[in-house]
Every structure is written in C-alpha cells, then in structure tokens.
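*Asks:* My questions concern the predicted model and sequence given below.
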Amino acid sequence: MKKYLLIAIILVAVILFAAGCARTPTPMPDDLDDVVITLERTVCFGVCPEYKLTIYGNGTVVYEGKRFVRIEGKRTATISEDKIRELLSEFERVDYFFLEDSYEEFMATDMPSAYTSLTIDGKTKTVRHYHGDFSAPEEVTALEDKIDEIVDSNQWIR
C-alpha cells in the first residue's frame with residue numbers, strides 16, 4: 001500500500017513539474033498601445049548598414065540611420081494595425097520569448113549583428129544575434145528580415 005502511495009505522489013510531482021515547465025506562447029494582445037518592437041543592425045568590417053527601427057503599437061515607425069545607409073538621421077513612418085499584428089504573429093511563430101538571449105559566438109568574423117526586442121503586456125525580451133554565429137536558429141534571421149520587410153526599411157537604406 002505504501003509503495004502505491006509513493007508511486008502516486010511521485011507521479012503527481014512529475015505532472016506538476018511538467019505543467020510548470022509548459023511554454024506559453026508570445027501573448028497576442030487585444031490592445032496594441034503598449035507594444036514596442038525594435039530591430040537594430042550593426043556595421044561589419046565592410047559597409048553593412050547600421051540603423052535602428054522602433055515600431056510602436058499605434059503604427060508609428062521611427063527609423064534612425066547611422067552609417068552606410070542612404071538616409072542618415074531620424075525619419076518616421078506609419079504602418080497599419082494589420083502589419084503590427086502580422087509582426088506579432090511572426091514573434092509568436094518563432095516562440096520569441098523562449099529563444100536564447102544571445103547568439104554571439106564568433107564562428108566567422110567580420111559579420112554584422114542584429115538585435116531585436118519585443119515589449120508586450122509588460123514583458124520585454126531582447127535577442128542579440130551575431131550573424132557569424134551559425135548556432136542561431138534560422139527563424140531568428142527570418143524574423144529580422146520580416147521586420148525590415150513589413151516596415152519597408154529599404155526606403156531609407158538603399
């Protein structure tokens with residue numbers, strides 16, 4: 001009898017532990033007011049564009065061009081709520097809050113970095129990605145590129 005009780009207690013503990021480790025996806029808020037998404041790209045030893053994008057939940061996009069871009073300085077634009085939600089879906093698709101904070105092993109030199117961040121429902125997550133770290137999931141690069149695509153950063157860069 002004691003043996004079965006011990007097995008039951010262990011089983012309950014394992015189930016509770018597993019439930020505590022369960023992942024919750026990136027939240028999709030009804031209200032976008034507190035959403036902030038950033039993408040910052042750094043230079044390499046060549047002429048890689050250096051700039052930062054900040055995208056607010058109200059659709060405001062702030063571009064800050066630094067070096068090796070067509071337009072230096074700040075510019076603003078607006079994207080639709082649908083585009084904000086599309087970006088949030090991409091963050092959810094890559095399970096952003098469960099990515100590593102940093103993919104910065106120098107497996108190759110002279111590469112740029114990209115830093116993304118998402119603030120949503122009071123939570124902020126940042127992922128630092130050196131493009132010479134080949135251990136980074138492909139989804140990280142795809143997310144960075146999707147942010148550029150949705151914002152149309154080429155209007156300022158090229």
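*Replies:* Looks like it came in fine. Numbers count the residues shown, from 1 in each chain.
*Asks:* Can you tell me how far Asp82 is from Gly59?
*Replies:* 10 Å (CB to CB, to the nearest Å). To be clear about C-beta, it is placed using only N, CA and C from the backbone, and glycine gets the same treatment.
*Asks:* swap in Ser89?
*Replies:* Distance from Ser89 to Gly59, by CB to CB: 16 Å.
*Asks:* More neighbours: which of Asp82 and Gly59?
*Replies:* Gly59 (15 against 10; other CB atoms under 10 Å).
*Asks:* doesn't Ser80 make contact with that one?
*Replies:* Yes: at 6.2 Å, Gly59 counts as touching Ser80 under the criterion of CB atoms under 8 Å.
*Asks:* Put the alpha carbons of the helix or strand where Arg85 lies into PDB.
*Replies:* Assigned by DSSP states H and E, Arg85 belongs to helix 81-93. The C-alpha coordinates for helix 81-93 follow below in PDB (Å, rounded to 0.1, in the frame of the first residue of the first chain):
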ATOM      1  CA  GLU A  81      -2.600  47.700 -37.300                       C
ATOM      2  CA  ASP A  82      -2.700  44.600 -39.600                       C
ATOM      3  CA  LYS A  83       1.000  45.000 -40.100                       C
ATOM      4  CA  ILE A  84       1.600  45.200 -36.400                       C
ATOM      5  CA  ARG A  85      -0.400  42.100 -35.800                       C
ATOM      6  CA  GLU A  86       1.500  40.400 -38.700                       C
ATOM      7  CA  LEU A  87       4.800  41.200 -36.900                       C
ATOM      8  CA  LEU A  88       3.400  39.900 -33.600                       C
ATOM      9  CA  SER A  89       2.400  36.700 -35.300                       C
ATOM     10  CA  GLU A  90       6.000  36.300 -36.500                       C
ATOM     11  CA  PHE A  91       7.300  36.700 -33.000                       C
ATOM     12  CA  GLU A  92       4.700  34.100 -31.800                       C
ATOM     13  CA  ARG A  93       5.700  31.700 -34.700                       C
END
